[in-house]
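J.: Pasted the sequence and its predicted model underneath.
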Amino acid sequence: MCSPHRFGFFVRSLMAAASSLAELRAKIELDLRGRVVSPFNYRDRNVFEVVSTGIPSLDAVVGGWPRGAMTEICGPPCSGRTSVLLSALAARTAEGETCALIDARDSFDPAVASAAGVALEQVLWVRCQNADQALRATDLLIQAGGFGMVAVDLSDVAPKIVRYVPLNAWFRFRRAVEDTPTILMVMEQEANAKTCASLVLRLEARPGEWSEAGSSRGGCDFLRDSMGRLFRGFEVGADVVRTRVQDVNEVMAINQFSSWRTAGFDAGAGSRLERVAGFKAATNWSEVRG
Amino acid sequence: MKFEDKKGSINVVAPASCRHFLSVVKKFMAFACIYIAGFLVQAVARSEPSLRGDRVALALLSGKAPLWNVVAANAAAVRAGVQLGMTKAQVAEFCGVEVRHRAEAQEKATHAALLDVAWSISPRVEDTAADTIVVDLDGLFSLLGGDEEIARVLMERVMSVGVAPNIAIASNIEAAILVARGFSGISILPLGEEAARLGVLPVRVLSSDAEILETLDRWGIQTLRGLAELPVLQLSERVGQRGVLLHELARGARVRALVLAQSSLTFEEEMELDEAVEELEPLSFLLGRLLDQVCARLESRALAVQTIRVLFELEPSFEKDVQSLNDESRKKTAPREFTKVLTLPVAMRDAKVLLKLLRLSLQSDAPKSPIQKIRMTAEAASPRTAQSGLFVPRGPDPEKLELTVARLGKLVGESNVGVAELIDTHRAENFRVARWTCGAIAREADGRVRKGSRKRKAAAGVYAEDSHALTESVAKLSPAGFRMLRPPLVANVEVDGESSRRPSRVSFSGMRGDVIAASGPWRSSGEWWQEDGWDHDEWDLTIDFGKKAEPREQKLERIGLVAMNVNVHRRTKIPEPSPWPRHGVYRIFYDLPRKSWFVRGFYD
């Protein structure tokens, strides 16, 4: 047993150490004030608030788009990336959120987006000419803050160019959206952001589905082949390449696969019903030509 | 009937039954007068803060060159020996005296600023003179407190617009004006003590009429007390009604109604430069000063800027000067002007943000010549509400976003940033890019949460409408995206036969594929009467590209042969599998006038 004198010394030493630790902690907090919110509080960076993707079958696999994190959607052309983007924009704008779309190669079609349910007046559209402009615009928009979703569409940029984007740019984007309600979605042909992306999906699509040719609509072969048909859509599959999205009660596993079907429509020349009208006009034209 | 109280008579004609009422009203009636001593000097110093205060001696010149004379000088200049009427050469001999020209535009702006301050306190304001404003304080005591509080608030607000005022509060308008002109700082004249307090003032505060002042001087009347002690009847016999009026003023007993001034929602500030400014940095410094003044005025009236218009008067170029020497008629041509208009989607009052927006706008489109004069006009509107609803998702800060949009406009071009608006046309590019209006979103966001969900449901309903083609289950599917190729790619298309024109093989951008399925032709034509009319036959095609799916340029980039300048045909092994799809659904069209095929885009 230690003597009361020694015990008192021990307690005093502990108290002195505790007070010096408290001073040290206060000093560190003071130094980091304005840069780090609470340096001594542990925060699990893998717990994100997730919101619906707008596609139920995709929600079932990935849980939704994580807020305050970067999501990469990659895949070759015609793999369904734009369909995913439109569903996400429609879901976010339906909730009244303001979104931004940085279009690296100016390939966004507002008519199709509107027909898909996107509230265009809530989407700030930035039409860029190259990847450099797109990355600069992304930086500006993320720093402005307040957006529900910032989508960067690098789909039509050659993969080699996107590969040259320095890793610190992706880190900066990730840090900028951290602790904000913004969903940063990057669409490209292959994943480049490495560990900066909290969720990486690779998409692939099956061949397009067409409605049956209208055999009774005309006498010519080409009419049966082409004029009575309509593009109905295609099936899209999504492979979860990487995920760090961890819901509070659920841990997502990688290499899960989800698939869903898209529905084709025509918004460029009006509604699909107008297309049927176009079919009739074309029939007359072909008869005249024939 | 003349109503008289204990202290003297006032010219209010009223029946006897109203006497008590009038005495009660008079007890609570109060007016404040804002008077700017040395108004001309302070107006100039307002735009040049370094000239403010009594330490800097400042003299103002006016007149036509070269006959400039001193028309105003501050106390420091008078102490230094500057006198009114001196010529420019005489003033130049004084060391340490700053000399400026009288600026009528700045006087007007200062006067407008004073009116704004007065309107910020009360809607009942009289525009008495350029340097004198009278405010009715009726009903303000419950809002701002007592006389002292009101006077202090007025003093602070006037100081915030860059001038030092004299503030006086009295029970009638004329007494308040006289006290403000006679005493510096804040003066409060208690009810019933008007004659006693005004008595010490010299008679020259009453009138600038030299004849009557000379008459009073001959009588030995130097102060208002002396004038007030004169018998009214004899005074009117000698000087006339003018004398009676002065007698009432001297006693502080003159009562009149307030002549109300009408407020305006346009705020104007102007600055004329001694030397023309060409570079953006010094110009932004001047713009910042003007914006500070405009925003201070707006703040005093709880308003914000909706549109700001800056008119730059440019210095005539050298070539024009030479021409004007030869041509007499060109000497009188109006100076060249350059206007910059900034229409804000949300009303704002942050001078720093406004300055950044102006700078960005000037960087993209700067005036071609040096600037001589700047005139800034702001159209005011009510400031936006910070919170439009409890259940509205938090959006971007409008001020910050406006700045971001301006920066984006500088990066990608102003026409390439905004909101897509659909146009009622069958043209392929059936949209226009409109200006981003965040304010409208904030106002309508609450309604849009519901409207957006309806819209989405309506969009899904598009598929469900036509029951013969699509079942109900299809209506629940997510929409297929479409990517436009701008401009459309030129394609080589092989058709089945001359009569059918059904595409069988398509090649574009180094890729070549067979058509597996086709839908079309869908003819679309319109606006043939215009130059950009269209006449197209559209096709939706499923194209199988086989092994040659990847575009040639992209393949070269991928395997790195472009940089190495290696013959492509000798290389057989490709290091990684091609990311380009074997097949895809493309939309191509045949342009009938140009007789060419183009690829409009693809489903993605």
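T.: Everything's here; your move.
J.: Most proximal residue of chain B with respect to chain A?
T.: Of all residues in chain B, B:Gly481 sits closest to chain A, at 2.7 Å by Cβ to the nearest Cβ. Where C-beta positions appear, they are placed from N, C-alpha and C, glycine not excepted.
J.: That residue contacts A:Ser83, correct?
T.: Yes. Between B:Gly481 and A:Ser83 there is a contact at 4.1 Å, judged by Cβ atoms under 8 Å.
J.: So these two - more neighbours on which side?
T.: More crowded of B:Gly481 and A:Ser83, by other Cβ atoms under 10 Å in any protein chain shown: A:Ser83, with 30 against 27.
J.: What helix or strand is the more buried one located in?
T.: When elements are assigned from DSSP states H and E, A:Ser83 belongs to helix A:81-94.
J.: Local confidence estimate at the residue of chain B closest to chain A?
T.: Note for B:Gly481: predicted pLDDT of 87.
J.: ditto for A:Ile183
T.: Looking at A:Ile183, its pLDDT is 94.
J.: so who does the residue lying closest to B:Glu248 once chain neighbours are set aside touch?
T.: In this structure, B:Glu248 finds its nearest non-sequential neighbour in B:Arg254, 4.2 Å apart by Cβ to Cβ, 6 or more residues apart in numbering or on different chains. The neighbours of B:Arg254, taking Cβ atoms under 8 Å, 6 or more residues apart in numbering or on different chains as the test, are B:Asn11, B:Asn172, B:Glu174, B:Ala175, B:Leu245, B:Glu248.
J.: Ok, B:Gln83 next?
T.: B:Gln83 sits in contact with B:Val70, B:Ala73, where contact means Cβ under 8 Å, 6+ apart.
J.: looking at this, it is in a strand?
T.: No. Under DSSP: H, G, I helix; E, B strand; the rest coil, B:Gln83 sits outside any strand and is assigned coil.
J.: now it: how far from B:Leu360?
T.: 49 Å (Cβ to Cβ, to the nearest Å).
J.: quick one: the most centrally placed residue in chain B from B:Leu265, how far?
T.: The residue lying closest to the centre of chain B (Cα atoms, centre = their mean) is B:Ile308, at 3.0 Å. Separation of B:Ile308 from B:Leu265 (Cβ to Cβ): 13 Å.
J.: B:Asp514 too?
T.: 68 Å.
J.: which of these two has more neighbours?
T.: Comparing B:Asp514 with B:Leu265 by neighbour count (other Cβ under 10 Å), the higher total belongs to B:Asp514, at 16 against 13.
J.: My read is that that one contacts B:Leu541, right?
T.: No. Using Cβ under 8 Å, B:Asp514 is not in contact with B:Leu541, being 9.8 Å away.
J.: ok, back up a step: which entries within the contacts of B:Arg254 meet the buried criterion?
T.: Using 16 or more other Cβ atoms under 10 Å in any protein chain shown as the burial test, those include B:Asn172, B:Glu174, B:Ala175, B:Leu245, B:Glu248 as buried.
J.: Quick one: these as CSV, columns for secondary structure too.
T.: Shown next, in CSV, are the buried ones among the contacts of B:Arg254 (three-state DSSP):
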residue, secondary structure
B:Asn172, coil
B:Glu174, helix
B:Ala175, helix
B:Leu245, helix
B:Glu248, helix
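J.: circling back to that earlier point, wondering if the helix holding A:Ser83 reaches chain B at all.
T.: Yes. Contact of helix A:81-94 with chain B (Cβ under 8 Å from any Cβ of the partner chain) involves A:Arg81, A:Thr82, A:Ser83, A:Val84, A:Leu85, A:Leu86, A:Ser87, A:Ala90, A:Ala91, A:Thr93, A:Ala94.
J.: B:Leu198: what's it in contact with?
T.: Shown in contact with B:Leu198 (Cβ under 8 Å, 6+ apart): B:Ala175, B:Leu178, B:Val179, B:Gly182, B:Leu189, B:Leu224, B:Arg225, B:Ala228, B:Ala250, B:Arg251, B:Gly252.
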